[in-house]
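**Q** Sharing a sequence plus its predicted fold:
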Amino acid sequence: MAGYDIRITATAAKELAKLPRKKERQAVTQGIRGLATDPRPPGCAKLSGHSDLYRVRQGRYRILYEIQDAQLVVLVIRVADRKNVYRGISGRTGRTRKLDE
């Protein structure tokens, strides 16, 4: 099975860079990289009210992402603390980049 390409929005990249502790940033980044091999890992949840958004927990942070199976792409939309992550997720337009860029 081919792996998925991980893409991240500019907003999510900024949120990831602003995580307060290096250890937390590394754990979240590792969680995002894991989506390349299994975009629907155990514990992921499809968000109600959104036809194509999923959430995975990483400690106290949540990673919101969209799976594009036809193109084998996982698009990371948000990375934020659990209490703030669901605010303003309707607007997903904008620039994206590969995770390693």
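**A** Yes, it's here. Bear in mind the structure is a predicted one, so any value in this text is a computation, not a measurement. Numbers count the residues shown, from 1 in each chain.

**Q** per-residue pLDDT, residue 32?
**A** Looking at residue 32, its pLDDT reads 94.

**Q** Doesn't it lie inside a helix?
**A** Yes: Residue 32 forms part of a helix when assessed by DSSP: H, G, I helix; E, B strand; the rest coil.

**Q** close enough to count as contact, it and residue 63?
**A** Yes: between residue 32 and residue 63 a contact is recorded at 6.1 Å, counting by C-beta atoms under 8 Å. Every C-beta, even on glycine, is put in place using the N, C-alpha and C of the backbone.

**Q** Between the two, tell me which one has more neighbours.
**A** Between residue 32 and residue 63, counting by other C-beta atoms under 10 Å, residue 63 is the more crowded of the two (27 against 21).

**Q** beta partners for that one?
**A** residue 56, residue 79 (DSSP bridges).

**Q** Pretty sure it sits against residue 28.
**A** Yes: proximity of residue 63 to residue 28 meets the contact threshold set by C-beta under 8 Å, at 6.7 Å.

**Q** Find residues that contact each of these two.
**A** The contact sets of residue 63 and residue 28 overlap at residue 79 (C-beta atoms under 8 Å, 6 or more residues apart in numbering).

**Q** Low-confidence stretches in this structure?
**A** 1-2, 88-101 (pLDDT under 70).

**Q** Which element, helix or strand, includes the residue nearest the centre of it?
**A** Central residue of the chain (C-alpha atoms, centre = their mean): residue 76, 3.4 Å from the mean position. Using DSSP states H and E, residue 76 maps to strand 73-81.

**Q** can you check residue 3 too?
**A** Here residue 3 is assigned to no helix or strand, by DSSP H and E.
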